[in-house]
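>>> turn this into a structure:
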Amino acid sequence: MVHDAVIEIDSLTKSFKKRNAVDAISLSVSQGSVYGFLGPNGAGKTTTIRMLLGLIFPDAGRVRLLGMSVPNQLSEVLPKVGAMIEGPGFVPYLSGAQNVRRLLCAAGVKGSKVDKLAGEALERVGLSKVAEMSAKKYSLGMKQRLSLAWAVALPRELYVLDEPTNGLDPAGMKEVREIIIDLSRSGSTIFLSSHLLSEVDQICTDVALMSQGAILKHGSMEVLKKEQTGYLEVQAEPVDTAESLLLDWYPDLKTIKDELKSTIRIELPNSKDFAGQLNHRLVLHDVTVSSLKVIGQSLEDVFVRYVGEGFDVR
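I've put the predicted structure just below:
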């Protein structure tokens, strides 16, 4: 286990009707990271998170949050954790503000501080204008915001967020990403589950890929992307001249030409300046370069390599 790990999972297993929803997974989440827990719906992400927070018990394995055992030390660790679990539930006949105030009171907040913190949390997630509306009238996106408001109402060392942008429009998704980045900058650790590649790619420092109850790959986002074989797609005219030059200059690098698109893909070497240098050399040889595009080193490429197709990449 990592010494500074905020979340430690060791051989965690959970079965339902003789099927392993979570199959002996192990994971460490370092302090200060924004950790993306990525996988398609049904991969086992929510089941894992429910075990992390003591909502269900594992069949086997160990969990530690902030150095404390779960579920044995739940009462000590949960006040330090802000959580948002899939399918938020609130008292329907209370307003959004009343629901957040109620939860703050249950957490031991007293007096005028309750109203202050509730108001700040609702404003932070964009619900100030509907704070006094009955929660039963909230849309799915509004309920997601309300759940997030409670998660961020008090400062926490760790935030566990399960599909936090579910039901939100693009503007709402952007707002949630900004909140998560802000929480990270304040020193908190974020454990974020999602089935959206773009969401994880934009904000996470580390990622674990989960499918059918198993962790297929995990590590820092930067390292996982660099492990991919990348290509530089060059759109140039005349394309035959460009290809001839590339084969002459870089005989050891794989090159693929697409005459219809006037593009050439050349394998990327380990050089930060390769694209710029190549562009300069082509121009000096009277080749017109319309575009240079790096492909094959994105989170989507990493996911397809280990999990396959059929994934939401919005």
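>>> can we go C-alpha only for contacts and neighbour counts from here?
Fine.
>>> the domain parsing of the protein - what is it?
Per automatic domain parsing, the structural domains of the chain span 5-216, 231-295.
>>> got CSV for the ones you listed, with distance to residue 222, mean neighbour count and mean pLDDT too?
Formatted as CSV, the domains of the chain follow (distance: least, Cα to Cα, whole Å; neighbours: other Cα atoms under 10 Å; pLDDT from 0 to 100):
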stretch, distance to residue 222, mean neighbour count, mean pLDDT
domain 5-216, 8, 19, 90
domain 231-295, 14, 15, 87
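>>> make JSON lines out of those domains and add distance to residue 223.
Rendered in JSON lines, the data for those read as follows (distance: least, Cα to Cα, whole Å):
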{"stretch": "domain 5-216", "distance to residue 223": "9"}
{"stretch": "domain 231-295", "distance to residue 223": "13"}
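>>> quick one: the helices in the stretch 1-150 of the chain?
In the stretch 1-150 of the chain, the helices defined using DSSP state H, counting those that start in this stretch lie at 45-52, 74-77, 96-106, 112-124, 140-152.
>>> what's the closest of those helices to residue 234?
Nearest to residue 234, of all the helices of the stretch 1-150 of the chain, is helix 45-52, at 39.1 Å by Cα to Cα.
>>> closest one to residue 304 among the domains of the chain?
Of all the domains of the chain, domain 5-216 comes closest under Cα to Cα, at 10.4 Å.
>>> please state the offset of the closest one from the chain centre?
Computed by Cα atoms, centre = their mean, to the nearest Å, the chain-centroid distance of domain 5-216 equals 12 Å.
>>> just the endpoints, please. Distance across that domain?
Terminal residues of domain 5-216 are spaced 20 Å apart (Cα to Cα, to the nearest Å).
>>> ok so, going back, tell me which of the helices of the stretch 1-150 of the chain sits nearest to residue 191.
Per Cα to Cα, nearest to residue 191 of the helices of the stretch 1-150 of the chain: helix 45-52, 9.3 Å.
>>> remind me what the closest one packs against, helices and strands.
Using 3 or more Cα pairs under 8 Å, 6 or more residues apart in numbering; DSSP states H and E, the elements in contact with helix 45-52 are strand 19-30, strand 60-65, strand 158-162.
>>> now distance to residue 49 too, for those strands, in JSON lines please.
Below are the helices and strands packed on helix 45-52 laid out as JSON lines (distance: least, Cα to Cα, whole Å):
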{"stretch": "strand 19-30", "distance to residue 49": "11"}
{"stretch": "strand 60-65", "distance to residue 49": "11"}
{"stretch": "strand 158-162", "distance to residue 49": "8"}
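>>> so which of those strands is nearest residue 307?
strand 19-30 (15.9 Å).
>>> who are the packing partners of the closest one?
Under the contact definition 3+ Cα pairs under 8 Å, 6+ apart, strand 19-30 sits against strand 5-16, helix 45-52, strand 214-220.
>>> now what about stretch 145-155, what contacts it?
The contact list for stretch 145-155 (Cα atoms under 8 Å, 6 or more residues apart in numbering) reads 82-84, 88-89, 96, 100, 103-104, 117-118, 120-122, 124-127, 159, 164.
>>> what sits against the residue lying closest to residue 6 once chain neighbours are set aside?
Leaving aside its chain neighbours, residue 6 sits nearest to residue 66 (4.6 Å; criterion: Cα to Cα, 6 or more residues apart in numbering). Contacts for residue 66 (Cα under 8 Å, 6+ apart) come out as 5, 6, 7, 77.
>>> so which of those is the closest to residue 280?
Nearest to residue 280 out of the contacts of residue 66 is residue 5 (Cα to Cα; 46.1 Å).
>>> any idea how far the residue lying closest to the closest one once chain neighbours are set aside lies from residue 188?
Nearest non-adjacent residue to residue 5, counting by Cα to Cα, 6+ apart: residue 30, 4.3 Å away. Between residue 30 and residue 188 the computed distance is 11 Å (Cα to Cα).
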